[in-house]
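Enquirer: okay, predicted coordinates and the sequence, questions at the end:
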Amino acid sequence: MSSQEEKLRRIIDLGFEISQIKDIDLLLEKILREARGFTNCDAGSIYVREGDQLVFRYAQNDTMQRQLTPGKKLPYTTFSIPVNNNSIAGYVALSGSILTISDVYEIGEFYPFSFNRSYDDLTGYRTASMLTIPLKNFRGDGIGILQLINAMDSHGEVIPFADDDEDTIMYFANNAANAIERAKMTREIILRMNKMAEMRDPKETGPHVNRVAAYSVALYEAWAYKNNVPQPEIDHNRDILRMSAMLHDVGKVAISDSILKKPGRFTPEEFQVMKLHTLFGANLFSDIYSDFDESAGIVAINHHERWDGNGYPGYIDPLTQKPLPGFEKEDGTALGKRGEDIPFFGRIVALADVYDALSNRRCYKEAWNEDEVVENIRDEAGKQFDPELVEVFLENVDTFRQIEKLYPDHTE
């Protein structure tokens, strides 16, 4: 088999792999990582089209990554650029054609755009060769841009991108675009489910569930890296955890408005009713058709359990709302789950949810400052939270702070 045939076979296999990923953010990461591996380039980014804007959604850079501690994520900020001829990405989105540039610092006057050197000036990185590919769905609509940076030779030197890679990378890009569109639809369905909860509960916002989901994945990844979990297992778990964490509080749709919309703290009786959202959420996923259904149900019913056993709802049947046999307290309520009896995903989302709740304003409290939030979580190790997860959290606080900036609360 020739080298070109091997590349084509790999591209076909990648098309199947990316079609299995349901979450849009994890899909973008996979697409960029595989495209970079295929072209052997140092860096890259992905923009997703929203109307007449390209939203910068994901970036990778091996040179900058090597400067970080192993297991740390490369920080980046999101921004938008218009679909027009003033930028390389905008130009390709407008033209719909692939564009190869040998050195972006030496773009001739033939092109209407110039290269924005602000990132290079800030970091000391040197962008040179660039391959910019339009992402088009099966209807031919442009849904984003894949931008690959600094192709490398076998000695690690920057070289131009090879012309003979263009056809195969375009084939991959088309498969990627269709996978992105499917994942966007999945994300939209999940957000609409949360929208129902948000209509009922003003605290349950889109940014909140996106942050909790992103925190949960970051925490899981850092834990998995420390525990030498195989990458395929990490990828699978990240996908279902991300979507499950977004739906951790969806059971609130069944709670009365008089409680959900109360602008203050609950009475003990109201709090008992509020606790039922964990059972209602679990019941939504009681018919298990996939790993996601199982995971979403686990997260919904377990994200308020505590490591010390003092959480809720405990060992209880979500359908009957009665304690499981052998797990009743003297007062007839259910014993809380304790320690590692709490499913792992539930322990992860519990920490992520509290971090976000403390870090942001609520109708009954102001946001805590960062030091207070971190100290509280440190103090709750072995009480409210899994001590091992707290240790991982403390090693990755900067990642949490970066995520918070990516999903700011809506302003009035």
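Expert: Great, that's in hand.

Enquirer: where does the stretch 301-412 of the chain have low pLDDT?
Expert: Within the stretch 301-412 of the chain, the ranges that satisfy pLDDT under 70 run 362-365, 410-412.

Enquirer: swap that for the stretch 1-150 of the chain, sorry
Expert: 1-8, 11, 15-16, 71.

Enquirer: all strands of it, in order?
Expert: Using DSSP state E, counting those that start in this stretch, the strands of the stretch 1-150 of the chain run over residues 41-50, 53-61, 80-82, 99-101, 130-136, 142-152.

Enquirer: quick one: residues contacting Ser295.
Expert: Ile240, Leu241, Met243, Ser244, Phe345 (C-beta atoms under 8 Å, 6 or more residues apart in numbering). Backbone N, C-alpha and C define where each C-beta goes, glycine included.

Enquirer: quick one: which two of those residues are the most distant?
Expert: Met243 and Phe345 (11.2 Å; C-beta to C-beta).

Enquirer: what segments of the stretch 301-412 of the chain are helices?
Expert: 344-359, 370-379, 387-395, 397-406 (DSSP state H, counting those that start in this stretch).

Enquirer: got the angle for the longest one vs helix 387-395?
Expert: Note on geometry: by axes from the mean of the first three to the mean of the last three C-alpha atoms, to 10 degrees, helix 344-359 and helix 387-395 are set 50 degrees apart in direction.

Enquirer: cool, the second one as well?
Expert: Using the same axes, to 10 degrees, the direction of helix 370-379 lies 160 degrees away from that of helix 387-395.

Enquirer: helix 370-379 packs against which elements?
Expert: Under the contact definition 3 or more C-beta pairs under 8 Å, 6 or more residues apart in numbering; DSSP states H and E, helix 370-379 sits against helix 344-359, helix 387-395.

Enquirer: for it, buried residues please.
Expert: Residues Val373, Val374, Ile377 are the ones in helix 370-379 that count as buried (16 or more other C-beta atoms under 10 Å).

Enquirer: which of the helices and strands packed on helix 370-379 sits most buried?
Expert: Most buried of those, by mean neighbour count (mean count of other C-beta atoms under 10 Å): helix 344-359, with a mean of 22.

Enquirer: how about that one as PDB, C-alpha atoms only?
Expert: Listed next in PDB are the C-alpha coordinates belonging to helix 344-359 (Å, rounded to 0.1, in the frame of the first residue of the first chain):
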ATOM      1  CA  PHE A 344     -17.300   8.500  40.900                       C
ATOM      2  CA  PHE A 345     -19.100  10.800  38.400                       C
ATOM      3  CA  GLY A 346     -21.400  11.900  41.200                       C
ATOM      4  CA  ARG A 347     -18.400  12.800  43.400                       C
ATOM      5  CA  ILE A 348     -16.800  14.700  40.500                       C
ATOM      6  CA  VAL A 349     -19.900  16.800  39.700                       C
ATOM      7  CA  ALA A 350     -20.500  17.500  43.400                       C
ATOM      8  CA  LEU A 351     -17.200  19.300  43.600                       C
ATOM      9  CA  ALA A 352     -17.600  21.100  40.300                       C
ATOM     10  CA  ASP A 353     -21.200  22.200  41.200                       C
ATOM     11  CA  VAL A 354     -20.200  23.600  44.600                       C
ATOM     12  CA  TYR A 355     -17.100  25.400  43.100                       C
ATOM     13  CA  ASP A 356     -19.400  27.200  40.600                       C
ATOM     14  CA  ALA A 357     -22.100  28.000  43.100                       C
ATOM     15  CA  LEU A 358     -19.600  29.600  45.500                       C
ATOM     16  CA  SER A 359     -17.800  31.400  42.700                       C
END
